[in-house]
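1. Give me a 3D structure for the following:
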Amino acid sequence: MIKVILTIFKITTKHTLSLPMPFHDKGEVLWHTSFFAVLWGIWIERDNRIFRQVERLDTSPWASITGPFCYYKLALAFILYAWRAVLFELANWRKAVFGVFGFVGYILKGALALVLYVIGDPITSMIRGIETAFYTIRSFYSGIVAYAPIPELTTIIILASTVLAISEASAPDSVSSQPYLLTISGLAGYTVVRGYISEPFFWTILLCVYGFSRFVKKRNDVTSALPVAAVFAAIGEPWVRILAMGSFLALAIAHHWKKLSQGKKEDEYEDEKGVYQRDVPLPLLGVALAIGIHAAAKWAGYRHLTWMIV
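-> Okay, here's the model as predicted:
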C-alpha cells in the first residue's frame, strides 16, 4: 500500500512541478506538505475501518493537535492547487490583455500615419500660415510701438479729415455710403508707401475704385472722387497734396453750386435721404489707434523707468 502511494506521489510530483509554483521554491514545500497531509488522512481512515469495533483511547498530545487538521487537509490541498492554477491563469490573462492593447496601439498608429499622409500637407501649411500671421502681427505691433512717426500720422489725420469734411459739406452721406471703397484706397496707400506694391498698380487700384463708384454705383463726382483725393492728400508729396486738395475743393464747390442752381436746398436733400450716420473711415481709425498705442507704450516705459529710479 505504501509503495503504491509513493509511486503515485512521484508521478504527480513529476507532472505538477512542471507548472509554475506560487512563491517559487516555497510552492514546492506547500505541495509536498499537502500531499503528505492527504496521505496521513487516508491512513487514519484505513485504521478506523479496520479497527471499527475496537475501543481505543488515544491520549497522546500529537493526536489532539493533528486530529482537527486531518479533517480539513483534503480541502486545504485543493485550495492550494486552485490558488496555483488561478495565479497561472492570471499571468496568462495579463499577457493576453497586454497583447490586445499592443495590437490596438499598432492599429491606431497606422491610422494616424494614414491620416497624416493624406492631410498632412494641408495641416502643415495651415499651421505655417497661422505662425506667419502671428509673427507678422507681432512685428507690426512692435514697429508701431517703437517707430511710429507721430508727426506724419497726425498730418495724415488732419489732411484726410479736411477732405472728408469738404466732401460731406458738398455731398452729404458721401463718406458713410462707401466705407469699403475708402478702406481699399487706404490700404492701397499704405502698401505703396511700405513698398509692397508698385506705383502703376497703385494708380490702377485708384482708377478702378473711381470707375466702380462712378459708373457702377452711379454716384456723383464728389462722392466718386473722395477715396482718391483722400489718399493723395494723406500720402502724397507736398505739391501732390496741394493739387489734390485744391482740385477736390473746386469740384465740391462746383457740385454744390450746381445743386443750388437746380433749386434743391441741402435741407430738402437731407429730408429725402433721411438722417445720415457719419462714421469714421477705418484707415483713419487705424492711424489714430497707432498713435494711441505708441503714446501709451511710451508713457508706460517712462513710468517704469521712473519707478526703477525711485
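
2. so where's the chain uncertain?
-> 1-91, 263-278, 302-310 (pLDDT under 70).

3. longest single helix anywhere in it?
-> Among the segments of the chain that qualify as a helix by DSSP state H, the longest is helix 73-147.

4. What is that one packed up against?
-> Contact here means 3 or more C-beta pairs under 8 Å, 6 or more residues apart in numbering; DSSP states H and E; on that basis helix 73-147 packs against helix 25-50, helix 282-309. For every residue, glycine as well, the C-beta is placed using N, CA and C.

5. Report the separation between Thr162 and Ala171.
-> The gap separating Thr162 from Ala171 is 15 Å, by C-beta to C-beta, to the nearest Å.

6. What of Phe98?
-> Applying C-beta to C-beta, the value for Phe98 to Ala171 is 81 Å.

7. higher neighbour count, those two?
-> More neighbours surround Ala171 than the other of Phe98 and Ala171, with 22 against 10 (other C-beta atoms under 10 Å).

8. Hmm, Val222 and that one touching each other?
-> Yes - if you go by C-beta atoms under 8 Å, Ala171 and Val222 touch, sitting 4.4 Å apart.

9. which residues do the two both contact?
-> Between them, Ala171 and Val222 share these contacting residues under C-beta atoms under 8 Å, 6 or more residues apart in numbering: Ala252, His255.

10. what sits against Ile166?
-> Counting by C-beta under 8 Å, 6+ apart, Ile166 makes contact with Phe248, Leu249, Ala252.

11. who are the neighbours in contact with the nearest residue to Ile235 once chain neighbours are set aside?
-> In space, and not counting its chain neighbours, Ile235 is closest to Gly189: 4.6 Å by C-beta to C-beta, 6 or more residues apart in numbering. With contact taken as C-beta under 8 Å, 6+ apart, Gly189 is in contact with Phe202, Val231, Ala234, Ile235, Pro283.

12. could those be laid out in a markdown table, adding neighbour count?
-> Below are the contacts of Gly189 laid out as a markdown table (neighbours: other C-beta atoms under 10 Å):
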| residue | neighbour count |
| --- | --- |
| Phe202 | 19 |
| Val231 | 27 |
| Ala234 | 27 |
| Ile235 | 20 |
| Pro283 | 24 |
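
13. out of those residues, which one sits closest to Ala244?
-> Val231 (8.5 Å; C-beta to C-beta).

14. OK, contacts around that closest one?
-> Val231 touches Ser185, Gly186, Ala188, Gly189, Leu206, counting by C-beta under 8 Å, 6+ apart.

15. Would you mind checking those residues for buried ones?
-> Among these, those classed as buried by 16 or more other C-beta atoms under 10 Å are Ser185, Gly186, Ala188, Gly189, Leu206.

16. any idea which of those residues is closest to Lys259?
-> The shortest gap between Lys259 and any of these belongs to Ser185, at 24.8 Å (C-beta to C-beta).

17. which element is the closest one on?
-> For Ser185, the host element (DSSP states H and E) is helix 179-194.

18. which strands and helices sit next to whichever helix or strand comes after that helix?
-> Under the assignment DSSP H and E, the closest C-terminal helix or strand after helix 179-194 is helix 199-211. Counting contacts by 3+ C-beta pairs under 8 Å, 6+ apart, helix 199-211 is packed against helix 179-194, helix 221-235.
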